[in-house]
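Novice: Have a look at this prediction, sequence included:
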Amino acid sequence: MFSITPAKILLITALSLSAALLGLFDRLYAWQWQHIQLHSTIETLGGMTSCLISIILFIQSREKLDASLVMLATGFASMGVLDTAHAISQLGDSFIFLHSGASLSGGFFFASVWFSKGRRFGSLNELRFIYFGFIILSVSIGLRALLFPGDVPQIMPLFDGRFTMAAVLINITASLLFIASVFKFYQVYRQQGDPRDLLFACLAYLFGIAAMIFPFSSPWNGMWWVWHLVRLSAFLTTLVFIARQYGKYLGIDEGENKKNRE
């Protein structure tokens, strides 16, 4: 019997979104609406949600020293930190750089599933070193871009409203990394049947679409807003799913502890 799960809903949404974007591309590209406060709100909400997902995944990864979970947790943390910095940055090179850096770091850690899935760290210290080390690196990059925006590479849009080649290449690379991880997550899902792997596959697909849309958008047009909303919806859906799954685990764990006490 076919059962509806958050992962399957996300898969259907992702496929429907792709078709809708192709059909509405011309209209969305022509539509312009600049609203800095709304943009900051969306990015801040997305960044905070990403950090919450990271914390839950990190807690889960510590128990079995799961390499793939901690790499995903690190990716979410890095995206969360850089997206939050992007949300509060001034319009300019640092504004585009921070978002592009968030996408690239997320794509890298998602793609790492190809060599980290099924592996374990040797100790808890190794796991902590990876996780907190990259968080510190992300925070330092975010602060430097905010405090010294003149040091950021010039990747703002050109005079005709299009992004420079550097911005385009960064985001296309991020998109390809996200898409590459989709195949591995789906392969593992087919083998093990864990709905979380299907969720991550769909999530990577949505992030890949968002990063791919970036070069075909311009600041504040319809496509610009679309990829922001795609990323935010992916973050929120994932947070709900991960939180519910972790809540069930805590309930089971508490039940086992009570039995052991009895």
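Specialist: Yep, that arrived.

Novice: My guess is residue 72 contacts residue 203. True?
Specialist: No - contact criterion C-beta atoms under 8 Å: residue 72 and residue 203 do not qualify, at 9.6 Å. (Glycine included, C-beta is placed from N, CA and C.)

Novice: ok, now how distant is residue 189 from residue 177?
Specialist: Using C-beta to C-beta, to the nearest Å, one gets 19 Å for the distance from residue 189 to residue 177.

Novice: Among those two, which residue is more densely surrounded?
Specialist: residue 177 (23 against 18; other C-beta atoms under 10 Å).

Novice: Distance from the helix or strand encompassing that one to the middle of the chain?
Specialist: For residue 177, the host element (DSSP states H and E) is helix 165-192. For helix 165-192, the separation from the chain centroid amounts to 11 Å (computed by C-alpha atoms, centre = their mean, to the nearest Å).

Novice: In contact with residue 45, which residues?
Specialist: Contacts for residue 45 (C-beta atoms under 8 Å, 6 or more residues apart in numbering) come out as 232, 235.

Novice: which SSE is it in?
Specialist: helix 36-64.

Novice: ditto for residue 133
Specialist: helix 124-147.

Novice: where's the spatially closest residue to residue 78 that is not a sequence neighbour, which helix or strand?
Specialist: Take residue 78 and drop its neighbours on the chain: the residue closest to it by C-beta to C-beta, 6 or more residues apart in numbering is residue 105, 4.1 Å away. If you go by DSSP H and E, residue 105 is part of helix 93-111.

Novice: how about the nearest residue to residue 220, chain neighbours excluded?
Specialist: According to C-beta to C-beta, 6+ apart, the nearest residue to residue 220 is residue 34 (4.2 Å).

Novice: cool, and residue 124?
Specialist: Nearest to residue 124 is residue 62, by C-beta to C-beta, 6+ apart, at 6.3 Å.

Novice: ok, now residue 111?
Specialist: For residue 111, ignoring the flanking residues on the chain, the nearest one in space by C-beta to C-beta, 6+ apart is residue 177 at 4.1 Å.
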